[in-house]
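K.L.:
Using only what follows, build the 3D model:
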Amino acid sequence: MIDDYPLLTLLPPVLAIGLAVTTRKVLLSLGLGVVSAALLVADLSPVDTLEELWSAFAQIFWSDGELNTTYVYILVFTLALGVITAFVSMSGGTRAFADWAHERIRTRRGAIALPAALGGAIFVDDYFNALTVGQVSRPITDRHRVSRAKLTYLVDSTSAPVAVLMPFSSWGAYILGIFTPIIAASALTVSDLGAYVRAAAANYYAWAALLMVVLVVALNVDLGPMRREERRALEEGRTYEPGDDIPGQLSEDLPVHRPGAKRALVVPFVLLVLGVLAGIVWSGVRASGSWAPLDLLADADVTWSLLVGAAPALLAALYYYSRDTASNPKFSRSTFGRGWWEGLRSMWPAVSILLLAWMLGSLIGSLGTGEYLGGLVEDSSLPTEWLVPVVFLVALAMAFATGTSWGSFGLLLPIAGGIVNAVEAPELLLPVLGAVLAGAVAGDHASPISDTTILSSTGAGCNVITHVTTQLPYVAVAVVAATAGYCGLALTGSTTIGFVVTMLVGAAVLLGARRLSPPLDALPDPDHEPRDAEPAY
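P.N.:
Sure thing, here's the model as predicted:
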(Lines give C-alpha, C1' and ligand atoms only; values in the text may rest on other atoms or scores of the structure.)
Protein backbone atom coordinates (compact mmCIF):
# COMPACT_ATOMS: atom_id res chain seq x y z
CA MET A 1 0.00 0.00 0.00
CA ILE A 2 2.76 2.44 0.95
CA ASP A 3 4.64 1.68 -2.25
CA ASP A 4 1.55 2.60 -4.27
CA TYR A 5 0.59 5.65 -2.19
CA PRO A 6 3.74 7.10 -0.59
CA LEU A 7 1.82 10.19 0.55
CA LEU A 8 0.20 7.93 3.18
CA THR A 9 3.51 7.94 5.08
CA LEU A 10 2.53 11.42 6.28
CA LEU A 11 -0.83 10.29 7.68
CA PRO A 12 0.25 9.03 11.16
CA PRO A 13 2.26 12.12 12.17
CA VAL A 14 -0.35 14.48 10.75
CA LEU A 15 -3.11 12.58 12.56
CA ALA A 16 -1.23 12.56 15.88
CA ILE A 17 -0.20 16.21 15.70
CA GLY A 18 -3.57 17.44 14.47
CA LEU A 19 -5.51 15.58 17.16
CA ALA A 20 -3.10 16.67 19.89
CA VAL A 21 -3.49 20.34 19.02
CA THR A 22 -7.28 20.23 18.55
CA THR A 23 -8.22 17.92 21.44
CA ARG A 24 -5.34 18.66 23.87
CA LYS A 25 -5.38 14.93 24.72
CA VAL A 26 -1.75 14.10 24.02
CA LEU A 27 -1.76 10.44 25.03
CA LEU A 28 -4.90 9.65 23.04
CA SER A 29 -3.59 11.52 19.99
CA LEU A 30 -0.19 9.84 20.09
CA GLY A 31 -1.83 6.47 20.67
CA LEU A 32 -4.00 6.84 17.58
CA GLY A 33 -0.97 7.97 15.59
CA VAL A 34 0.96 4.91 16.74
CA VAL A 35 -1.88 2.53 15.83
CA SER A 36 -2.40 4.13 12.41
CA ALA A 37 1.33 3.88 11.67
CA ALA A 38 1.39 0.22 12.73
CA LEU A 39 -1.62 -0.51 10.51
CA LEU A 40 0.11 1.05 7.50
CA VAL A 41 3.39 -0.78 8.16
CA ALA A 42 1.45 -4.06 8.52
CA ASP A 43 -0.58 -3.36 5.37
CA LEU A 44 -3.79 -3.33 7.49
CA SER A 45 -3.26 -6.87 8.82
CA PRO A 46 -4.58 -7.02 12.45
CA VAL A 47 -2.12 -9.70 13.59
CA ASP A 48 0.87 -8.01 11.97
CA THR A 49 -0.28 -4.69 13.43
CA LEU A 50 -0.09 -6.12 16.95
CA GLU A 51 3.37 -7.48 16.20
CA GLU A 52 4.51 -4.08 14.94
CA LEU A 53 3.13 -2.37 18.05
CA TRP A 54 4.91 -4.79 20.36
CA SER A 55 8.14 -4.51 18.38
CA ALA A 56 8.06 -0.70 18.50
CA PHE A 57 7.49 -0.80 22.28
CA ALA A 58 10.06 -3.52 22.99
CA GLN A 59 12.78 -1.75 20.97
CA ILE A 60 12.65 1.15 23.41
CA PHE A 61 14.08 -1.17 26.08
CA TRP A 62 15.89 -3.89 24.11
CA SER A 63 17.46 -3.47 20.68
CA ASP A 64 20.02 -5.44 18.65
CA GLY A 65 20.34 -8.05 21.39
CA GLU A 66 21.19 -5.61 24.19
CA LEU A 67 19.72 -2.96 26.46
CA ASN A 68 18.73 0.17 24.55
CA THR A 69 20.61 2.44 26.93
CA THR A 70 19.82 5.68 25.09
CA TYR A 71 16.09 5.50 25.80
CA VAL A 72 16.27 3.61 29.09
CA TYR A 73 18.75 6.06 30.62
CA ILE A 74 16.58 9.03 29.61
CA LEU A 75 13.56 7.40 31.28
CA VAL A 76 15.53 6.61 34.45
CA PHE A 77 16.96 10.14 34.58
CA THR A 78 13.52 11.66 34.12
CA LEU A 79 12.11 9.60 36.99
CA ALA A 80 15.17 10.33 39.15
CA LEU A 81 14.77 14.05 38.54
CA GLY A 82 11.18 13.81 39.76
CA VAL A 83 12.33 12.14 42.99
CA ILE A 84 15.12 14.71 43.45
CA THR A 85 12.61 17.52 43.00
CA ALA A 86 10.19 15.98 45.49
CA PHE A 87 12.78 15.66 48.25
CA VAL A 88 14.27 19.09 47.52
CA SER A 89 10.76 20.51 47.90
CA MET A 90 10.04 18.54 51.10
CA SER A 91 13.35 19.65 52.60
CA GLY A 92 12.26 23.26 52.16
CA GLY A 93 14.97 23.97 49.61
CA THR A 94 12.61 25.11 46.87
CA ARG A 95 10.83 27.60 49.10
CA ALA A 96 14.06 28.89 50.67
CA PHE A 97 15.73 29.33 47.29
CA ALA A 98 12.67 31.15 45.94
CA ASP A 99 12.64 33.47 48.98
CA TRP A 100 16.37 34.15 48.59
CA ALA A 101 16.12 34.78 44.85
CA HIS A 102 13.01 36.93 45.30
CA GLU A 103 15.06 39.39 47.33
CA ARG A 104 17.62 39.67 44.53
CA ILE A 105 15.50 39.24 41.43
CA ARG A 106 12.92 41.92 42.11
CA THR A 107 11.18 42.23 38.75
CA ARG A 108 9.35 39.97 36.34
CA ARG A 109 11.86 40.89 33.66
CA GLY A 110 14.66 39.64 35.87
CA ALA A 111 12.76 36.41 36.52
CA ILE A 112 12.21 35.99 32.77
CA ALA A 113 15.89 36.66 32.06
CA LEU A 114 17.06 33.92 34.46
CA PRO A 115 16.04 30.84 32.40
CA ALA A 116 17.17 32.57 29.20
CA ALA A 117 20.63 33.15 30.67
CA LEU A 118 20.87 29.65 32.15
CA GLY A 119 19.70 28.12 28.87
CA GLY A 120 22.45 29.92 26.99
CA ALA A 121 25.10 28.91 29.52
CA ILE A 122 24.20 25.19 29.70
CA PHE A 123 24.80 24.33 26.06
CA VAL A 124 26.49 20.95 26.36
CA ASP A 125 23.29 18.94 25.73
CA ASP A 126 19.69 19.86 24.98
CA TYR A 127 18.10 17.10 27.13
CA PHE A 128 20.14 18.16 30.13
CA ASN A 129 19.33 21.81 29.47
CA ALA A 130 15.61 21.20 29.01
CA LEU A 131 15.15 19.29 32.26
CA THR A 132 17.40 21.25 34.60
CA VAL A 133 16.92 24.90 33.62
CA GLY A 134 13.17 24.71 34.13
CA GLN A 135 13.54 22.96 37.48
CA VAL A 136 15.95 25.61 38.82
CA SER A 137 14.08 28.61 37.41
CA ARG A 138 10.51 27.56 38.22
CA PRO A 139 10.42 28.70 41.88
CA ILE A 140 11.52 32.21 40.84
CA THR A 141 9.25 32.55 37.81
CA ASP A 142 6.28 31.24 39.79
CA ARG A 143 6.94 33.76 42.55
CA HIS A 144 7.01 36.62 40.01
CA ARG A 145 3.87 35.40 38.25
CA VAL A 146 5.57 34.36 35.04
CA SER A 147 3.45 31.73 33.32
CA ARG A 148 4.78 28.21 32.96
CA ALA A 149 4.19 28.58 29.21
CA LYS A 150 6.61 31.53 29.07
CA LEU A 151 9.17 29.62 31.13
CA THR A 152 8.91 26.56 28.88
CA TYR A 153 9.27 28.70 25.76
CA LEU A 154 12.47 30.24 27.13
CA VAL A 155 13.85 26.81 28.06
CA ASP A 156 13.01 25.21 24.71
CA SER A 157 14.27 28.16 22.65
CA THR A 158 17.66 28.25 24.38
CA SER A 159 18.34 24.53 24.40
CA ALA A 160 18.47 23.17 20.83
CA PRO A 161 19.26 26.56 19.14
CA VAL A 162 22.31 27.06 21.38
CA ALA A 163 23.42 23.42 21.25
CA VAL A 164 23.21 23.28 17.44
CA LEU A 165 25.35 26.42 17.05
CA MET A 166 28.09 25.19 19.39
CA PRO A 167 30.59 22.67 17.98
CA PHE A 168 31.57 21.83 21.58
CA SER A 169 28.29 20.15 22.44
CA SER A 170 26.71 16.73 22.01
CA TRP A 171 24.93 18.14 18.95
CA GLY A 172 28.12 19.51 17.47
CA ALA A 173 29.92 16.20 17.82
CA TYR A 174 27.06 14.30 16.15
CA ILE A 175 26.74 16.77 13.29
CA LEU A 176 30.50 16.86 12.68
CA GLY A 177 30.41 13.10 12.28
CA ILE A 178 27.89 13.52 9.42
CA PHE A 179 29.73 16.50 7.93
CA THR A 180 33.10 14.77 7.57
CA PRO A 181 32.40 12.54 4.52
CA ILE A 182 30.33 15.29 2.85
CA ILE A 183 33.15 17.83 3.15
CA ALA A 184 35.73 15.25 2.07
CA ALA A 185 33.76 14.57 -1.12
CA SER A 186 33.54 18.27 -2.02
CA ALA A 187 35.97 20.68 -3.63
CA LEU A 188 36.20 22.77 -0.45
CA THR A 189 39.53 23.16 1.32
CA VAL A 190 38.32 23.70 4.85
CA SER A 191 38.69 21.84 8.12
CA ASP A 192 35.71 20.04 9.62
CA LEU A 193 35.56 22.56 12.46
CA GLY A 194 35.81 25.47 10.01
CA ALA A 195 32.99 23.94 7.96
CA TYR A 196 30.85 23.61 11.08
CA VAL A 197 31.38 27.25 12.07
CA ARG A 198 30.52 28.49 8.57
CA ALA A 199 27.45 26.24 8.37
CA ALA A 200 26.38 27.51 11.81
CA ALA A 201 26.57 31.06 10.46
CA ALA A 202 23.99 29.99 7.86
CA ASN A 203 21.73 28.38 10.48
CA TYR A 204 19.36 31.32 10.30
CA TYR A 205 16.53 29.76 12.28
CA ALA A 206 18.69 29.17 15.35
CA TRP A 207 19.91 32.78 15.26
CA ALA A 208 16.37 34.07 14.72
CA ALA A 209 15.06 31.95 17.61
CA LEU A 210 17.72 33.40 19.93
CA LEU A 211 16.88 36.90 18.69
CA MET A 212 13.24 36.21 19.62
CA VAL A 213 14.33 35.23 23.13
CA VAL A 214 16.40 38.39 23.57
CA LEU A 215 13.53 40.61 22.40
CA VAL A 216 10.96 38.74 24.48
CA VAL A 217 13.09 39.21 27.60
CA ALA A 218 13.97 42.84 26.88
CA LEU A 219 10.58 44.01 25.63
CA ASN A 220 8.18 41.44 27.15
CA VAL A 221 6.53 40.50 23.86
CA ASP A 222 3.52 38.21 24.32
CA LEU A 223 2.00 36.86 21.12
CA GLY A 224 -1.28 35.00 20.64
CA PRO A 225 -1.99 32.28 23.25
CA MET A 226 1.05 33.33 25.29
CA ARG A 227 -0.71 36.60 26.07
CA ARG A 228 -3.62 34.67 27.58
CA GLU A 229 -1.30 32.60 29.76
CA GLU A 230 0.61 35.66 30.95
CA ARG A 231 -2.56 37.62 31.67
CA ARG A 232 -3.92 34.81 33.86
CA ALA A 233 -0.62 34.56 35.72
CA LEU A 234 -0.54 38.31 36.38
CA GLU A 235 -4.18 38.85 37.23
CA GLU A 236 -5.01 35.62 39.06
CA GLY A 237 -1.63 34.39 40.29
CA ARG A 238 -2.06 31.04 38.51
CA THR A 239 1.02 30.29 36.45
CA TYR A 240 -0.65 27.28 34.86
CA GLU A 241 -4.18 26.02 34.35
CA PRO A 242 -4.93 23.64 37.26
CA GLY A 243 -7.08 21.39 35.07
CA ASP A 244 -4.20 20.73 32.69
CA ASP A 245 -2.16 17.54 32.77
CA ILE A 246 1.12 18.95 34.08
CA PRO A 247 4.22 16.73 33.88
CA GLY A 248 6.63 17.20 36.76
CA GLN A 249 3.96 18.73 39.03
CA LEU A 250 4.07 17.66 42.69
CA SER A 251 1.05 17.49 44.97
CA GLU A 252 0.46 20.77 46.75
CA ASP A 253 -0.11 19.09 50.13
CA LEU A 254 3.38 17.58 50.42
CA PRO A 255 4.84 18.35 53.88
CA VAL A 256 7.68 20.87 53.76
CA HIS A 257 10.45 21.54 56.29
CA ARG A 258 10.27 24.98 57.88
CA PRO A 259 12.56 26.78 57.78
CA GLY A 260 14.32 25.31 54.77
CA ALA A 261 17.77 26.21 53.47
CA LYS A 262 18.53 27.28 49.93
CA ARG A 263 21.54 24.95 49.85
CA ALA A 264 19.02 22.07 49.93
CA LEU A 265 18.23 23.04 46.33
CA VAL A 266 21.56 24.54 45.23
CA VAL A 267 23.79 21.64 46.30
CA PRO A 268 21.81 18.85 44.57
CA PHE A 269 21.57 20.75 41.30
CA VAL A 270 25.23 21.83 41.38
CA LEU A 271 26.16 18.18 41.92
CA LEU A 272 23.84 17.26 39.06
CA VAL A 273 25.59 19.68 36.67
CA LEU A 274 29.10 18.71 37.76
CA GLY A 275 28.25 15.01 37.67
CA VAL A 276 26.87 15.19 34.13
CA LEU A 277 29.90 17.15 32.90
CA ALA A 278 32.26 14.70 34.60
CA GLY A 279 30.40 11.77 33.04
CA ILE A 280 30.63 13.32 29.59
CA VAL A 281 34.37 13.92 29.91
CA TRP A 282 35.11 10.50 31.42
CA SER A 283 33.03 8.51 28.94
CA GLY A 284 34.32 10.57 26.01
CA VAL A 285 37.99 10.19 26.93
CA ARG A 286 37.54 6.49 27.68
CA ALA A 287 35.91 5.83 24.30
CA SER A 288 38.07 8.11 22.14
CA GLY A 289 41.39 7.94 23.97
CA SER A 290 41.74 11.70 23.48
CA TRP A 291 41.30 14.80 25.65
CA ALA A 292 40.52 16.97 22.61
CA PRO A 293 37.05 18.49 23.19
CA LEU A 294 35.67 17.53 19.78
CA ASP A 295 36.98 13.98 20.03
CA LEU A 296 35.64 13.28 23.51
CA LEU A 297 32.27 14.90 22.76
CA ALA A 298 31.93 12.79 19.62
CA ASP A 299 32.30 9.58 21.65
CA ALA A 300 30.77 10.66 24.98
CA ASP A 301 27.78 8.74 26.30
CA VAL A 302 25.55 11.66 27.23
CA THR A 303 22.57 9.65 28.47
CA TRP A 304 24.83 7.58 30.76
CA SER A 305 26.33 10.85 31.98
CA LEU A 306 22.86 12.02 32.99
CA LEU A 307 22.68 9.10 35.42
CA VAL A 308 26.17 9.87 36.72
CA GLY A 309 24.95 13.35 37.62
CA ALA A 310 21.62 12.16 39.01
CA ALA A 311 23.20 9.79 41.58
CA PRO A 312 25.01 12.39 43.78
CA ALA A 313 22.16 14.84 43.30
CA LEU A 314 19.66 12.30 44.63
CA LEU A 315 21.90 11.44 47.59
CA ALA A 316 22.25 15.13 48.45
CA ALA A 317 18.48 15.67 48.20
CA LEU A 318 17.87 12.69 50.52
CA TYR A 319 20.48 13.99 52.97
CA TYR A 320 18.89 17.43 53.27
CA TYR A 321 15.46 15.86 53.61
CA SER A 322 16.53 13.46 56.37
CA ARG A 323 18.63 16.01 58.27
CA ASP A 324 15.70 17.44 60.28
CA THR A 325 13.20 14.59 60.23
CA ALA A 326 13.98 13.45 63.79
CA SER A 327 12.80 16.76 65.21
CA ASN A 328 9.79 17.09 62.97
CA PRO A 329 6.83 14.79 63.73
CA LYS A 330 5.30 15.44 60.29
CA PHE A 331 8.07 13.38 58.71
CA SER A 332 8.07 9.61 59.12
CA ARG A 333 8.78 6.47 57.15
CA SER A 334 5.47 6.84 55.38
CA THR A 335 6.34 10.42 54.46
CA PHE A 336 9.71 9.26 53.12
CA GLY A 337 7.93 6.69 50.98
CA ARG A 338 5.47 9.31 49.81
CA GLY A 339 8.37 11.46 48.62
CA TRP A 340 9.52 8.66 46.34
CA TRP A 341 5.99 7.99 45.15
CA GLU A 342 5.20 11.65 44.46
CA GLY A 343 8.47 12.13 42.57
CA LEU A 344 7.86 9.10 40.37
CA ARG A 345 4.17 9.94 39.91
CA SER A 346 4.94 13.52 38.90
CA MET A 347 7.04 12.29 35.97
CA TRP A 348 4.67 9.57 34.78
CA PRO A 349 2.84 11.85 32.29
CA ALA A 350 6.19 12.73 30.69
CA VAL A 351 7.31 9.08 30.61
CA SER A 352 4.02 8.00 29.01
CA ILE A 353 4.27 10.68 26.33
CA LEU A 354 7.91 9.84 25.64
CA LEU A 355 7.14 6.14 25.23
CA LEU A 356 4.37 6.82 22.70
CA ALA A 357 6.43 9.46 20.88
CA TRP A 358 9.35 7.04 20.54
CA MET A 359 7.04 4.28 19.32
CA LEU A 360 5.57 6.65 16.75
CA GLY A 361 9.05 7.70 15.67
CA SER A 362 10.10 4.07 15.21
CA LEU A 363 7.01 3.22 13.14
CA ILE A 364 7.36 6.40 11.08
CA GLY A 365 10.92 5.30 10.37
CA SER A 366 9.61 1.95 9.14
CA LEU A 367 7.07 3.74 6.95
CA GLY A 368 9.80 5.84 5.35
CA THR A 369 8.24 9.24 6.08
CA GLY A 370 11.65 10.89 6.25
CA GLU A 371 12.87 9.23 3.06
CA TYR A 372 9.70 10.38 1.26
CA LEU A 373 10.28 13.99 2.25
CA GLY A 374 13.99 13.71 1.49
CA GLY A 375 13.12 12.39 -1.96
CA LEU A 376 11.28 15.63 -2.66
CA VAL A 377 14.62 17.40 -2.47
CA GLU A 378 16.36 14.90 -4.75
CA ASP A 379 13.56 15.18 -7.32
CA SER A 380 13.54 18.98 -7.23
CA SER A 381 14.28 20.66 -10.57
CA LEU A 382 14.74 24.14 -9.10
CA PRO A 383 17.86 26.21 -9.91
CA THR A 384 20.75 25.19 -7.67
CA GLU A 385 20.84 28.44 -5.69
CA TRP A 386 17.22 27.95 -4.62
CA LEU A 387 18.09 24.62 -3.08
CA VAL A 388 18.94 26.51 0.12
CA PRO A 389 15.40 27.70 1.01
CA VAL A 390 13.93 24.44 -0.32
CA VAL A 391 16.00 22.18 1.95
CA PHE A 392 15.19 24.47 4.89
CA LEU A 393 11.45 23.97 4.36
CA VAL A 394 11.77 20.25 3.67
CA ALA A 395 13.90 19.72 6.79
CA LEU A 396 11.30 21.68 8.77
CA ALA A 397 8.51 19.46 7.48
CA MET A 398 10.56 16.31 8.10
CA ALA A 399 11.39 17.18 11.73
CA PHE A 400 7.85 18.36 12.40
CA ALA A 401 6.39 15.11 11.06
CA THR A 402 8.91 12.75 12.66
CA GLY A 403 9.52 14.66 15.90
CA THR A 404 13.29 14.31 15.63
CA SER A 405 15.85 16.85 14.51
CA TRP A 406 18.73 14.37 14.75
CA GLY A 407 16.90 11.90 12.54
CA SER A 408 16.34 14.69 10.03
CA PHE A 409 20.04 15.57 10.15
CA GLY A 410 20.98 11.96 9.47
CA LEU A 411 18.60 11.65 6.52
CA LEU A 412 18.77 15.02 4.83
CA LEU A 413 22.36 16.24 5.32
CA PRO A 414 23.85 13.48 3.10
CA ILE A 415 21.08 13.94 0.52
CA ALA A 416 21.44 17.72 0.30
CA GLY A 417 25.24 17.58 0.45
CA GLY A 418 25.30 14.93 -2.28
CA ILE A 419 23.12 17.07 -4.56
CA VAL A 420 25.38 20.12 -4.16
CA ASN A 421 28.53 18.05 -4.71
CA ALA A 422 26.98 16.45 -7.79
CA VAL A 423 26.19 19.81 -9.44
CA GLU A 424 29.67 21.08 -8.48
CA ALA A 425 28.55 24.17 -6.59
CA PRO A 426 30.94 24.13 -3.59
CA GLU A 427 30.07 27.72 -2.64
CA LEU A 428 26.55 26.54 -1.76
CA LEU A 429 27.53 23.44 0.22
CA LEU A 430 27.88 25.01 3.66
CA PRO A 431 24.81 27.28 3.32
CA VAL A 432 22.78 24.22 2.28
CA LEU A 433 24.03 22.21 5.26
CA GLY A 434 23.26 25.17 7.54
CA ALA A 435 19.76 25.37 6.09
CA VAL A 436 19.19 21.67 6.85
CA LEU A 437 20.26 22.20 10.46
CA ALA A 438 17.99 25.25 10.71
CA GLY A 439 14.93 23.52 9.28
CA ALA A 440 15.37 20.46 11.49
CA VAL A 441 15.54 22.58 14.66
CA ALA A 442 12.53 24.64 13.54
CA GLY A 443 10.41 21.54 12.89
CA ASP A 444 11.52 20.02 16.18
CA HIS A 445 10.45 23.21 18.01
CA ALA A 446 7.01 23.19 16.45
CA SER A 447 6.29 19.48 16.86
CA PRO A 448 4.28 18.18 19.85
CA ILE A 449 5.78 14.71 19.33
CA SER A 450 9.36 15.93 19.72
CA ASP A 451 11.17 14.57 22.78
CA THR A 452 12.79 17.96 23.47
CA THR A 453 9.33 19.56 23.42
CA ILE A 454 8.14 16.98 25.95
CA LEU A 455 11.22 17.29 28.18
CA SER A 456 11.14 21.10 28.14
CA SER A 457 7.52 20.97 29.27
CA THR A 458 8.44 18.45 31.95
CA GLY A 459 11.29 20.52 33.36
CA ALA A 460 9.19 23.68 33.48
CA GLY A 461 5.99 21.95 34.68
CA CYS A 462 3.82 22.95 31.73
CA ASN A 463 1.19 21.08 29.74
CA VAL A 464 2.77 19.90 26.48
CA ILE A 465 0.06 21.23 24.18
CA THR A 466 -0.05 24.55 26.04
CA HIS A 467 3.67 24.83 25.37
CA VAL A 468 3.30 23.94 21.69
CA THR A 469 0.45 26.38 21.02
CA THR A 470 2.07 29.26 22.92
CA GLN A 471 5.46 28.73 21.29
CA LEU A 472 4.14 28.42 17.73
CA PRO A 473 3.76 32.19 17.06
CA TYR A 474 7.41 32.77 17.99
CA VAL A 475 8.49 29.79 15.90
CA ALA A 476 6.44 31.17 13.00
CA VAL A 477 8.14 34.57 13.23
CA ALA A 478 11.57 32.93 13.28
CA VAL A 479 10.64 30.66 10.35
CA VAL A 480 9.41 33.64 8.29
CA ALA A 481 12.61 35.53 9.09
CA ALA A 482 14.83 32.55 8.23
CA THR A 483 12.95 31.90 4.98
CA ALA A 484 13.41 35.54 3.99
CA GLY A 485 17.10 35.24 4.81
CA TYR A 486 17.52 32.11 2.69
CA CYS A 487 15.75 33.80 -0.20
CA GLY A 488 18.15 36.72 0.21
CA LEU A 489 21.05 34.29 0.17
CA ALA A 490 19.71 32.59 -2.96
CA LEU A 491 19.36 35.95 -4.74
CA THR A 492 22.73 37.38 -3.75
CA GLY A 493 24.90 34.37 -2.98
CA SER A 494 25.98 36.07 0.27
CA THR A 495 25.59 34.33 3.62
CA THR A 496 26.14 37.66 5.37
CA ILE A 497 23.33 39.39 3.49
CA GLY A 498 21.02 36.49 4.24
CA PHE A 499 21.90 36.72 7.94
CA VAL A 500 21.23 40.46 8.02
CA VAL A 501 17.89 39.97 6.25
CA THR A 502 16.94 37.29 8.80
CA MET A 503 17.70 39.52 11.77
CA LEU A 504 15.95 42.57 10.28
CA VAL A 505 12.81 40.67 9.28
CA GLY A 506 12.62 38.84 12.61
CA ALA A 507 13.01 42.04 14.62
CA ALA A 508 10.58 43.97 12.41
CA VAL A 509 7.83 41.33 12.62
CA LEU A 510 8.16 40.87 16.37
CA LEU A 511 8.29 44.61 17.08
CA GLY A 512 5.31 45.13 14.80
CA ALA A 513 3.39 42.48 16.73
CA ARG A 514 4.37 44.19 19.97
CA ARG A 515 2.82 47.46 18.80
CA LEU A 516 -0.45 45.63 18.20
CA SER A 517 -0.27 43.89 21.61
CA PRO A 518 1.24 46.23 24.22
CA PRO A 519 3.12 44.60 27.11
CA LEU A 520 1.06 43.25 29.98
CA ASP A 521 3.44 44.82 32.52
CA ALA A 522 1.08 47.81 32.53
CA LEU A 523 -1.50 45.77 34.47
CA PRO A 524 -1.85 46.72 38.14
CA ASP A 525 0.69 45.42 40.64
CA PRO A 526 2.48 42.75 38.52
CA ASP A 527 5.11 41.89 41.11
CA HIS A 528 3.05 41.20 44.21
CA GLU A 529 2.83 37.79 45.82
CA PRO A 530 0.37 35.21 44.48
CA ARG A 531 -2.99 35.22 46.22
CA ASP A 532 -2.53 31.72 47.53
CA ALA A 533 -0.75 31.53 50.87
CA GLU A 534 1.42 28.75 49.49
CA PRO A 535 2.65 29.59 45.97
CA ALA A 536 2.49 26.61 43.62
CA TYR A 537 6.03 25.83 42.59
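K.L.:
can you map out the strands along this structure?
P.N.:
Assigned by DSSP state E, the strands in the chain fall at 62-63, 66-67.
K.L.:
could the ones you listed go into TSV alongside mean neighbour count?
P.N.:
Every residue, glycine included, has its C-beta placed from N, CA and C. Rendered in TSV, the data for the strands of the chain read as follows (neighbours: other C-beta atoms under 10 Å):
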stretch	mean neighbour count
strand 62-63	12
strand 66-67	10
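K.L.:
which one of the ones you listed lies closest to Val276?
P.N.:
Set against Val276 and scored by C-beta to C-beta, the strands of the chain come closest in strand 66-67, at 20.3 Å.
K.L.:
Now that closest one: average pLDDT?
P.N.:
Summarised as a single mean, pLDDT over strand 66-67 is 88.
K.L.:
do stretch 443-452 as well
P.N.:
The average pLDDT within stretch 443-452 is 88.
K.L.:
before we move on, back to that, Serialize the strands of the chain to TSV and add fields for distance to Gly110.
P.N.:
Output for these, formatted as TSV (distance: least, C-beta to C-beta, whole Å):
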stretch	distance to Gly110
strand 62-63	46
strand 66-67	44
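K.L.:
count of residues packed around Arg24?
P.N.:
Residues within reach of Arg24, counting by other C-beta atoms under 10 Å, total 17.
K.L.:
okay, it: pLDDT?
P.N.:
Taking Arg24 on its own, its pLDDT is 73.
K.L.:
who's in contact with it?
P.N.:
By C-beta atoms under 8 Å, 6 or more residues apart in numbering, Arg24 lies in contact with Asn463, Ile465.
K.L.:
Please apply the same query to Lys25.
P.N.:
Neighbouring residues of Lys25 by C-beta under 8 Å, 6+ apart: Leu19.
K.L.:
So what does it look like in phi/psi?
P.N.:
phi -100, psi 90 (degrees, to the nearest 10).
K.L.:
roughly how far apart are it and Gly31?
P.N.:
9 Å (C-beta to C-beta, to the nearest Å).
K.L.:
okay, now the residue nearest to Arg95 when sequence neighbours are not counted: neighbour count?
P.N.:
With sequence-adjacent residues excluded and distances taken as C-beta to C-beta, 6 or more residues apart in numbering, Arg95 is closest to Gly260, at 5.4 Å. Per other C-beta under 10 Å, the neighbour tally for Gly260 reads 23.
K.L.:
so what's Gly260 scoring on pLDDT?
P.N.:
pLDDT for Gly260: 73.
K.L.:
If I follow the layout properly, it ends up in contact with Ala96?
P.N.:
Yes: between Gly260 and Ala96 there is a contact under C-beta atoms under 8 Å: 3.9 Å.
K.L.:
Now do the buried residues in stretch 287-298.
P.N.:
Ser288, Leu294, Asp295, Leu296, Leu297, Ala298 (16 or more other C-beta atoms under 10 Å).
K.L.:
Pipe those residues into TSV and attach pLDDT and distance to Asp451 per row.
P.N.:
Conversion of those to TSV gives the following (pLDDT from 0 to 100; distance: C-beta to C-beta, whole Å):
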residue	pLDDT	distance to Asp451
Ser288	84	26
Leu294	70	25
Asp295	76	26
Leu296	80	24
Leu297	73	20
Ala298	72	21
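K.L.:
mind listing the helices for the stretch 101-250 of the chain?
P.N.:
Ranges of helices in the stretch 101-250 of the chain, per DSSP state H, counting those that start in this stretch, are 108-121, 126-143, 148-156, 160-165, 170-184, 192-201, 204-219, 225-236.
K.L.:
For Thr107, state which of the buried residues of stretch 287-298 is nearest.
P.N.:
Closest approach to Thr107 among the buried residues of stretch 287-298 (C-beta to C-beta): Leu297, at 37.1 Å.
K.L.:
Now do the contacts for the closest one.
P.N.:
Phe168, Ser169, Ser170, Gly172, Ala173, Ile280, Gly284.
K.L.:
Pull up the gap between it and Ala460, please.
P.N.:
Distance from Leu297 to Ala460, by C-beta to C-beta: 26 Å.
K.L.:
again with Leu274
P.N.:
In terms of C-beta to C-beta, Leu274 sits 23 Å off from Ala460.
K.L.:
okay, these two: which has more neighbours?
P.N.:
Each of Leu274 and Ala460 has its neighbours counted (other C-beta under 10 Å); Ala460 has more, 32 against 14.
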